[in-house]
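[1] Dropping the sequence and predicted coords here.
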Amino acid sequence: MNAHPIRLGQPGTCFSLLFLILIFNTSTAQIKDVGLPFIVNHQRAVYNAGSQNWSVTQSSRGFMYFANNDGILEYDGTNWNVYSVPNASVVRSVLAIGDTIYAGAFEELGFLAPDHTGRLAWHSLNHMIPPEFAYFDEIWNIFHDGDRIIFQSFYYIFILEADSIKVIEPEGTFGFMFRVEDHFYVIDRKRGLMVLEDDSVSLVSEDPVFLDNEVNALLPYRRNALLIGTSNKGVFVWNGDAVTPWESQVSEHMQQHDLYTAIKLSDGNYAFGSISNGIYVAGPDGNLLQHINRLKGLQNNTVLALFEDRRNNLWMGLDKGIDFAEISSPLTIFDYNFNIESTYATVVHDGIIYVGTNQGLFAAQLVNVSNWKDSRDVFRLIDGTEGQVWSLKVINNTLFCGHNYGCFQIDGFNARPVSDIRGFWSFLVPPDRDDMIVAGTFTGLVKLEKSGGRWHFSGEVEGFRESSRDLFIDHRNDLWISHGYRGLYRLEISDDFSKVENVRLYYNEAGLPVELPYNIQRLNGQMSITTREGIRTFDYRHDRFELDNDMNDLFAGKGFIDKIHQDARGNLWYFTDNQMGVMRRLEDGTYRDITSPFSRINDILMYAFQNIFVDPPNNVFIGTQDGLVHYDPGIINDYQSAENVCFTEISFYGKRPAVSYHAFSQDILNNRESPPRFPHALNSVIFRFTSPVFENPSGIRF
């Protein structure tokens with residue numbers, strides 16, 4: 001029996017694969033203050049380890065590691081694993097250097113590295129600690145400094161260099177240690193703020209703020225100053241000499257809610273984790289940009305650890321669970337936390353944003369929709385509009401609301417009933433008539449007329465009783481209506497719009513395919529019809545629908561285009577059966593197809609009820625089944641970045657015991673020129689792999 005060589009790649013390394021449907025960061029990442037970032041809750045029942053998570057780090061492969069009550073918790077984007085330390089104590093700190101994971105626990109320090117099988121295993125460094133320092137309690141922080149690894153407890157600082165550990169003792173006891181750029185600071189509770197230089201610490205400030213408070217954060221600030229975050233006295237500024245309070249919004253909140261941890265983000269903003277009210281994201285001036293707590297989507301209000309990953313998203317180690325927030329995304333959401341549920345229509349009018357939902361019409365001053373404010377107080381229900389809202393339309397500076405129970409005229413935060421006919425779908429103004437509106441309802445057409453400065457119901461349009469959701473009046477004053485189950489109606493209406501004089505139904509004729517629907521789109525003031533067999537325009541001369549070659553070329557390969565919205569700049573926002581995108585109109589008249597930013601929300605779009613409102617330049621509101629999504633086109637991300645795909649295990653099996661190679665297997669790494677050979681009895685192979693992609697976890701499968 002001949003053995004055939006099989007050449008393998010390195011299971012412990014990763015290759016690049018383009019995920020064009022995912023959002024990736026660039027240095028232009030920004031923090032939005034509108035809506036909530038998308039949050040993923042990783043619950044204890046899912047990762048199967050302790051509830052508390054004290055520290056977070058990321059390896060060079062992109063895997064996430066957490067200092068957990070039950071050990072070192074690993075997440076590769078698909079699977080969770082936990083690695084216990086020998087004494088089974090709580091792990092308080094983790095630090096990835098490449099793919100080696102250093103960790104500290106109660107009187108235990110060391111690192112995870114692959115054993116002879118390629119599996120990660122614990123390597124203790126306790127044997128290197130001089131015996132007189134063996135009782136060091138918890139290791140709270142780990143830092144990397146060139147060739148040195150620094151472990152910090154409240155009793156000692158251990159410096160691992162080469163094959164030895166040096167020990168630094170405090171005069172009293174240590175508080176927390178911090179890295180600020182290339183400097184390492186530590187609190188000596190007896191002396192004040194110390195700086196580590198070589199293998200000793202020296203005093204740099206005896207200010208009472210360091211002696212009388214629990215200092216939980218030390219962050220870089222402008223002009224070489226530092227921010228000092230205390231547990232319950234707020235945030236201070238130290239300029240190297242004097243310490244002064246940081247007069248800022250975030251400092252006020254930290255005084256109230258007990259700061260526990262903080263980091264400076266790559267874009268220059270700050271994230272502060274509190275004991276009692278979640279996280280606050282503030283700008284360089286301390287003004288609040290975002291606030292997320294238990295009521296806004298976190299699992300718990302106590303934030304024990306913060307970490308910004310390489311895509312500028314924020315990980316939170318909580319007192320109960322692990323949360324992940326896509327703070328760098330151009331997408332945020334107004335959801336049930338803002339009283340907003342499934343959204344069917346949105347409009348901004350006179351500085352007020354109106355959101356039509358399945359529970360009524362909600363409104364808020366646009367300037368008041370900042371994330372950090374109390375979300376429940378932002379949007380309020382307009383009295384009388386309880387129930388299903390179908391449409392919102394501004395006509396001649398008047399806002400109309402199409403509702404399950406009729407039609408309303410909306411003035412500010414008040415609704416006035418115009419008609420109680422059930423089911424107003426849409427509104428349309430006939431040419432040259434500013435005193436009349438034709439509206440489509442569940443049961444046909446009605447007229448609204450204006451007199452004395454007020455709109456009122458003036459009667460049904462006789463002669464047509466079909467549901468009339470989408471309307472279009474052409475240059476001949478013929479009214480076109482799309483019906484999802486019947487086809488496309490063409491109505492000839494009397495001059496006063498009181499009755500329908502002739503009806504023609506187009507279905508599977510005149511160039512239209514047999515399969516419905518035929519959806520009306522408004523492009524450049526003209527009617528286009530999207531079908532499952534292409535986009536068509538109507539040829540009046542030959543009374544038939546012809547393929548629009550330009551539009552079909554533009555949307556080639558997209559499948560059925562359910563809806564197209566053309567904004568004031570000529571951009572074409574479109575929805576298909578399973579995704580949305582925008583054809584961005586360029587200066588030369590061509591279009592650029594953009595889909596990647598919206599991959600996060602494709603699964604929550606409402607089929608057949610997709611809706612969008614564009615309020616230039618940076619407000620795009622998209623209705624979804626989970627609430628109202630806000631998209632800011634001004635936040636530019638790199639969607640072409642290559643993502644790693646990592647082999648975690650390769651197993652050969654068959655009629656003999658299986659042979660497996662795990663990540664970092666030395667049998668593979670050391671034998672590239674002479675790869676392993678296997679008998680025919682092991683002629684089946686399983687590859688296990690993952691990609692450390694954490695955005696939109698339900699959108700990618702391997």
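    Arrived safely.
[2] got the buried residues for stretch 383-390?
    By neighbour count, and taking 16 or more other CB atoms under 10 Å as the criterion, the buried residues in stretch 383-390 are 384, 385, 388, 389, 390. Where C-beta positions appear, they are placed from N, C-alpha and C, glycine not excepted.
[3] Give me the distance between the two termini of it.
    17 Å (CA to CA, to the nearest Å).
[4] Residue 568: how many residues sit nearby?
    Taking other CB atoms under 10 Å as the neighbour definition, residue 568 ends up with a count of 8.
[5] and it, what are its phi and psi?
    Main-chain dihedrals, residue 568, degrees, to the nearest 10: phi -60, psi -20.
[6] Kindly provide the distance from the closest residue in space to residue 389 that isn't next to it in sequence to residue 572.
    If you skip the residues right next to it in sequence, residue 389 has residue 356 as its closest partner in space, 3.1 Å away by CB to CB, 6 or more residues apart in numbering. Shown here: residue 356 relative to residue 572, a distance of 23 Å by CB to CB, to the nearest Å.
[7] Between the two, point out the one with more neighbours.
    residue 356 (26 against 21).
[8] which residues touch the more buried one?
    With CB atoms under 8 Å, 6 or more residues apart in numbering as the criterion, the residues that contact residue 356 are 343, 344, 345, 346, 389, 390, 391, 392, 401.
[9] coming back round to it: pull out the buried residues from the helix or strand hosting the residue nearest to residue 389.
    The secondary structure element spanning residue 356 is strand 352-357 (assigned by DSSP states H and E). By neighbour count, and taking 16+ other CB under 10 Å as the criterion, the buried residues in strand 352-357 are 352, 353, 354, 355, 356, 357.
[10] Relative to it, what are the paired strands and their orientations?
    strand 343-349 (antiparallel), strand 360-365 (antiparallel) (DSSP bridges).
[11] need those strands in JSON lines with mean pLDDT and distance to residue 558, can you?
    Below are these laid out as JSON lines (pLDDT from 0 to 100; distance: least, CB to CB, whole Å):
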{"stretch": "strand 343-349", "mean pLDDT": "98", "distance to residue 558": "24"}
{"stretch": "strand 360-365", "mean pLDDT": "97", "distance to residue 558": "33"}
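[12] where does this protein have low pLDDT?
    Scanning the chain with the threshold set as pLDDT under 70 gives 1-29, 375, 638-643, 647, 661-675, 689-691, 696-702.
[13] any idea how far residue 537 is from the nearest residue to residue 247 once chain neighbours are set aside?
    Across the structure, with CB to CB, 6+ apart as the measure, the residue nearest residue 247 apart from its sequence neighbours is residue 286 (7.6 Å). When CB to CB is applied, the distance between residue 286 and residue 537 equals 56 Å.
[14] more neighbours, those two?
    More neighbours sit around residue 286 than around the other of residue 286 and residue 537, counting by other CB under 10 Å; the figures are 21 against 16.
[15] Strands of the stretch 551-700 of the chain, start to end?
    Ranges of strands in the stretch 551-700 of the chain, per DSSP state E, counting those that start in this stretch, are 561-566, 572-576, 580-585, 591-594, 612-615, 619-624, 627-631, 642-653, 659-662, 677-678, 684-690.
[16] which residues touch residue 446?
    Applying CB under 8 Å, 6+ apart, the residues near residue 446 are 419, 421, 438, 439, 457, 459, 460, 461.
[17] so what strands line up beside the helix or strand that contains it?
    Mapping residue 446 onto the secondary structure by DSSP H and E places it in strand 444-451. Its sheet considered, strand 444-451 pairs with strand 436-441 (antiparallel), strand 454-460 (antiparallel) by DSSP bridges.
[18] circling back: name the nearest of the contacts of residue 446 relative to residue 97.
    Each of the contacts of residue 446 was checked against residue 97 using CB to CB; the closest is residue 439, at 66.1 Å.
[19] I'd guessed residue 202 sits against residue 193; true?
    No. The pair formed by residue 202 and residue 193 falls short of the contact definition of CB atoms under 8 Å, at 10.2 Å.
[20] more crowded one of the two?
    Neighbour comparison, residue 202 and residue 193: the larger count goes to residue 193, with 25 against 10 (by other CB under 10 Å).
[21] in the sheet, who's paired with that one?
    Under DSSP bridges, the beta-bridge partners of residue 193 are residue 187, residue 205.
[22] check contacts around it.
    Taking CB under 8 Å, 6+ apart, we find residue 193 in contact with 185, 186, 187, 203, 204, 205, 206, 207, 210, 238.
[23] I'd like a version of the residues you listed in TSV, one that adds neighbour count and distance to residue 579 as further columns.
    Listed next are the contacts of residue 193 as TSV, based on neighbours: other CB atoms under 10 Å; distance: CB to CB, whole Å:
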residue	neighbour count	distance to residue 579
185	20	49
186	22	51
187	25	52
203	12	60
204	15	56
205	21	56
206	10	61
207	16	56
210	25	54
238	21	51
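[24] Specify which member of those is nearest to residue 373.
    residue 238 (30.4 Å).
[25] Report the contact partners of the closest one.
    Listed by CB under 8 Å, 6+ apart, the contact partners of residue 238 are 193, 205, 207, 209, 225, 226, 227, 228.
[26] show me where the chain has helices.
    Counting by DSSP state H, the chain has helices at residues 44-47, 208-212, 249-257, 549-554, 666-669.
[27] out of these, deepest packed?
    Of all the helices of the chain, helix 249-257 carries the top mean neighbour count, a mean of 20, counting by mean count of other CB atoms under 10 Å.
[28] separation between residue 241 and residue 234?
    Taken as CB to CB, the spacing of residue 241 relative to residue 234 amounts to 20 Å.
[29] With neighbour numbers in mind, choose between the two.
    Set side by side, residue 241 and residue 234 give different neighbour counts by other CB under 10 Å, the larger being at residue 234 (21 against 8).
[30] Would you mind confirming that the more buried one makes contact with residue 247?
    No. Proximity of residue 234 to residue 247 does not meet the contact threshold set by CB under 8 Å, at 9.6 Å.
[31] Let me have the strands of the stretch 551-700 of the chain in CSV, extended by distance to residue 154.
    Formatted as CSV, the entries for the strands of the stretch 551-700 of the chain read as follows, by distance: least, CB to CB, whole Å:
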stretch, distance to residue 154
strand 561-566, 60
strand 572-576, 56
strand 580-585, 53
strand 591-594, 52
strand 612-615, 53
strand 619-624, 48
strand 627-631, 45
strand 642-653, 37
strand 659-662, 37
strand 677-678, 53
strand 684-690, 37
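[32] Point out the most buried one among the ones you listed.
    Of all the strands of the stretch 551-700 of the chain, strand 627-631 carries the top mean neighbour count, a mean of 25, counting by mean count of other CB under 10 Å.
[33] In terms of secondary structure, what does it contact?
    strand 331-334, strand 343-349, strand 619-624 (3 or more CB pairs under 8 Å, 6 or more residues apart in numbering; DSSP states H and E).
[34] Give me the distance from that strand to the chain's centre.
    For strand 627-631, the gap between its own C-alpha mean and the chain's C-alpha mean amounts to 11 Å (CA atoms, centre = their mean, to the nearest Å).
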